[in-house]
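S.K.: sharing a sequence plus its predicted fold:
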Number of protein chains: 2
Amino acid sequence: MQYNEKMFALGSRRSVIREIFEYSKRRSAEIGAQNVFDFSLGNPSVEPPKEISQAICDLLSEGDQTLLHGYTSAQGDAKVRGVIAQEITKRHGIDMPADLIYMTCGAAASLTITLRAICNEGDECVVFAPFFTEYRVFVENAGGTLVISKPQDKTFQADVADFESRITERTKAIILNSPNNPSGVVYSEETVRQICRVLKEKSAQYGHPIYLIADEPYRELVYDGIDVPYLMNHYENTFVCYSYSKSLSLPGERIGYIAVSPKMEDAKSLYLAICGAGRSLGYVCAPSLFQQVIARVQGAKVDVNVYRKNRDLLLSALTAYGYECVKPDGAFYLFVKALEEDATAFCERAKQHELLVVPCDDFGVTGYVRIAYCVDYGRIERALPAFSALAKEYGKQN
Amino acid sequence: MQYNEKMFALGSRRSVIREIFEYSKRRSAEIGAQNVFDFSLGNPSVEPPKEISQAICDLLSEGDQTLLHGYTSAQGDAKVRGVIAQEITKRHGIDMPADLIYMTCGAAASLTITLRAICNEGDECVVFAPFFTEYRVFVENAGGTLVISKPQDKTFQADVADFESRITERTKAIILNSPNNPSGVVYSEETVRQICRVLKEKSAQYGHPIYLIADEPYRELVYDGIDVPYLMNHYENTFVCYSYSKSLSLPGERIGYIAVSPKMEDAKSLYLAICGAGRSLGYVCAPSLFQQVIARVQGAKVDVNVYRKNRDLLLSALTAYGYECVKPDGAFYLFVKALEEDATAFCERAKQHELLVVPCDDFGVTGYVRIAYCVDYGRIERALPAFSALAKEYGKQN
């Protein structure tokens, strides 16, 4: 074969979100962007904290530019890793050494590197529906097979009994994404405890560790003071895959890290496997300027109130119109039951009202749509009459 | 297995260069950095052009920060790709469309993505010795096998007859790195013509294209007005893997691109396979700020004269001391014949004079060492007596 067919398929089969994105561009050209209510993309809409620009300017004026833009070691600048380790220690009470932190080009890199480090051909990775669609791509690239655990009805918390039934001798890892994309759900402390109990029992039963991969780009985006359990505190064999994309509105800069739990069995070997996987995948080092930037702005984060206001407006209005919504405790997505069985058909009908939302079949849950509310408040206000009219078409009282 | 053993081996088996780097740090602590003559690392020593800082400051003060640091499309910002395509068209007379440019996180990413896009399990990739050691890692990660073609004696140009004998039915691609790391050789127009003739004949013979991957991070670092042939002008099925790491002294920022020749058979499908490979490897997009930066500084480059002066001093002195050197036309490496058969033993002896240079066995050539002269001129001056003393130990007249 002239090229790799799997790669060709991945490159040419557009994702649903990408299709909607292209439609949105065309439609905006026809009727004006302000008249298209695009809620399809998870691109942060809140400005990065001012500390970011300041830190960049300081770094440019202070030091040796050759050093600033030079290679760091593959695992990241030692001082930067030290700052992050300290922050984890301080916030979560984990005694985290800098040499178990590996800087990455964002969450996707954190996940591909971790999966490549641990998986062998034929290993299984369990994810909780609804789940970020790219998990399938990343798991399969590592030679693994994706196994989907169904959620509880309505709450979309993990269904622990279902989860337990998905674990086999071949299970290498599970991925937990909290706050969740696309549901906005934060897995409760009780859910986390139950999941970790199962992991411990099954690891013992099968005689090998089952790793917990915590995918946490939305950790800082939570509302109403809710607490997101830190998984290393619940389970020893945990990798935390973090990204600053959402907490600092820097998704294009590709900066994040992997933290290997110091309590993990043979943590140092796992860390070395991560170093090897990063090397094998062509990640020479995480972008050097932004490594320095994030070390200087630890603790800074975007104004989450902007997203909370968006959520409150959308949630109260849609509920009033007769939609069944999952109340999001975090992230910037509203998970809404489609008003007919086929979510794709529902989204097509929404399009007639210039409403662009995403059917969630590819996220592993049918009959639901995702509304990304990381947009201007004004766009939500202008879109409400359209959501109302759409509900009326389906015979909802409002 | 608890983790992936190949990845563990890659992460734990330090490269020779890395070993020397660690030794250098220890030794510097003992006797002072100014007394250790470390020539092991290919980290640019010349300041980035002033235009870089200026472009960053302008971008920070001008526009919408959320957009500036936001996701670009996976293949890179459309305008940035347009600027690069225009530059290629202008400089090399290729009618290059923006939609065959794919922005990457640097040369290593360009190579891993291209190899993953084209290779299937068992494909062979031919490289010309001496070659950058990581080629083996990247080819094997793509499921391929590395095949090494021997160079000509003394000139270290490609040996075309040897190359021809390495091509089989399984050959999917060849990688050509000019100017070359570690030899500094620029493959001549005649060599390139012969290589491309073989590629055309063998593609016809085996009934499938053999791709040419041009790895060109050192393209701008050439001396004495020498011309580096642009491979798309010589062969249709060419991918150019470019990086700004060396031309702009930005190796830590991870910014480069893949250009697919518009004359390639089925170019659009190959481009889609590249998009798929990038997705599969977790490369969401190239760093967004630096995409914009490089679009603004097209044509800028570091002051190559600094490296030329270093080369001239080192080359004339070492030749006078009795070393046999390959005159580098580009890059910032001097390729020198070890004064005994075993290059590693020679490097150990050099260490006694505080000279840190790299044995090139892992680059596919025995009996040679690499001296990276991307260092302060002063370090070279201070090191010359040590090089002289080392030569005398081996009985050289000087």
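M.R.: Thanks, I have the structure now.

S.K.: residues from the stretch 251-398 of chain A in reach of chain B?
M.R.: For the stretch 251-398 of chain A, the contact set with chain B under C-beta under 8 Å from any C-beta of the partner chain comprises A:251-254, A:265-266, A:269-277, A:279-291. Yep, even glycine has a C-beta here, placed from its N, CA and C like the rest.

S.K.: now, of the residues you listed, which are buried?
M.R.: A:251-254, A:269-277, A:279-291 (16 or more other C-beta atoms under 10 Å in any protein chain shown).

S.K.: and the lowest-mean-pLDDT helix or strand in chain A, C-alpha only, in CSV?
M.R.: Sorted by mean pLDDT, DSSP states H and E, the helices and strands of chain A end with helix A:16-31, the least confident at a mean of 88. Taking C-alpha atoms only, helix A:16-31 is exported to CSV below (Å, rounded to 0.1, in the frame of the first residue of the first chain):
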residue,chain,number,x,y,z
VAL,A,16,-18.9,15.5,13.4
ILE,A,17,-17.6,18.6,15.2
ARG,A,18,-15.4,19.4,12.2
GLU,A,19,-18.3,19.0,9.8
ILE,A,20,-20.3,21.4,11.8
PHE,A,21,-17.4,23.8,12.0
GLU,A,22,-17.2,23.9,8.2
TYR,A,23,-20.9,24.3,7.9
SER,A,24,-20.7,27.2,10.4
LYS,A,25,-18.1,29.0,8.3
ARG,A,26,-20.2,28.6,5.1
ARG,A,27,-23.4,29.7,6.8
SER,A,28,-21.8,32.7,8.5
ALA,A,29,-20.6,33.9,5.1
GLU,A,30,-24.2,33.7,3.9
ILE,A,31,-26.2,35.3,6.7
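
S.K.: how far out from the middle of the chain is that helix?
M.R.: How far helix A:16-31 lies from its chain's middle: 23 Å, per C-alpha atoms, centre = their mean, to the nearest Å.

S.K.: also stretch A:49-69?
M.R.: 28 Å.

S.K.: which stretches of chain A have low pLDDT?
M.R.: Chain A contains residues with pLDDT under 70 at A:398.

S.K.: show me the strands in it, by range?
M.R.: With DSSP state E as the criterion, chain A has strands at A:37-38, A:101-104, A:124-128, A:145-149, A:171-177, A:211-215, A:238-243, A:256-260, A:325-326, A:333-337, A:355-356, A:358-359, A:368-372.

S.K.: let me have the ones you listed in CSV, adding mean neighbour count as columns.
M.R.: CSV is the format used below for the strands of chain A (neighbours: other C-beta atoms under 10 Å in any protein chain shown):
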stretch, mean neighbour count
strand A:37-38, 22
strand A:101-104, 28
strand A:124-128, 24
strand A:145-149, 18
strand A:171-177, 25
strand A:211-215, 26
strand A:238-243, 26
strand A:256-260, 27
strand A:325-326, 20
strand A:333-337, 23
strand A:355-356, 22
strand A:358-359, 26
strand A:368-372, 25
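
S.K.: now these in TSV, with distance to residue B:374?
M.R.: Formatted as TSV, the strands of chain A follow (distance: least, C-beta to C-beta, whole Å):
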stretch	distance to residue B:374
strand A:37-38	48
strand A:101-104	24
strand A:124-128	43
strand A:145-149	45
strand A:171-177	41
strand A:211-215	39
strand A:238-243	33
strand A:256-260	29
strand A:325-326	56
strand A:333-337	47
strand A:355-356	51
strand A:358-359	49
strand A:368-372	46
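
S.K.: now for residue A:322, how many residues are close by?
M.R.: If you count neighbours by other C-beta atoms under 10 Å in any protein chain shown, residue A:322 ends up with 15.

S.K.: sorry, slip of the keys, the one I care about is residue A:313.
M.R.: If we define neighbours as other C-beta under 10 Å, then residue A:313 has 15 of them.

S.K.: quick one, what contacts it?
M.R.: A:377, A:380-381 (C-beta atoms under 8 Å, 6 or more residues apart in numbering or on different chains).

S.K.: want to throw those residues into TSV with neighbour count and distance to residue B:15?
M.R.: Formatted as TSV, the contacts of residue A:313 follow (neighbours: other C-beta atoms under 10 Å in any protein chain shown; distance: C-beta to C-beta, whole Å):
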residue	neighbour count	distance to residue B:15
A:377	14	53
A:380	20	53
A:381	12	58
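
S.K.: just the ones of these in helices?
M.R.: When the contacts of residue A:313 are checked against helices (DSSP state H), the matches are A:377, A:380-381.

S.K.: quick check, residue A:127 in contact with residue A:149.
M.R.: Yes: applying C-beta atoms under 8 Å as the test, residue A:127 and residue A:149 come out as touching, 7.0 Å apart.

S.K.: do you know which of the strands of chain A lies nearest residue B:297?
M.R.: Shortest distance between residue B:297 and the strands of chain A, using C-beta to C-beta, is found for strand A:101-104: 25.7 Å.
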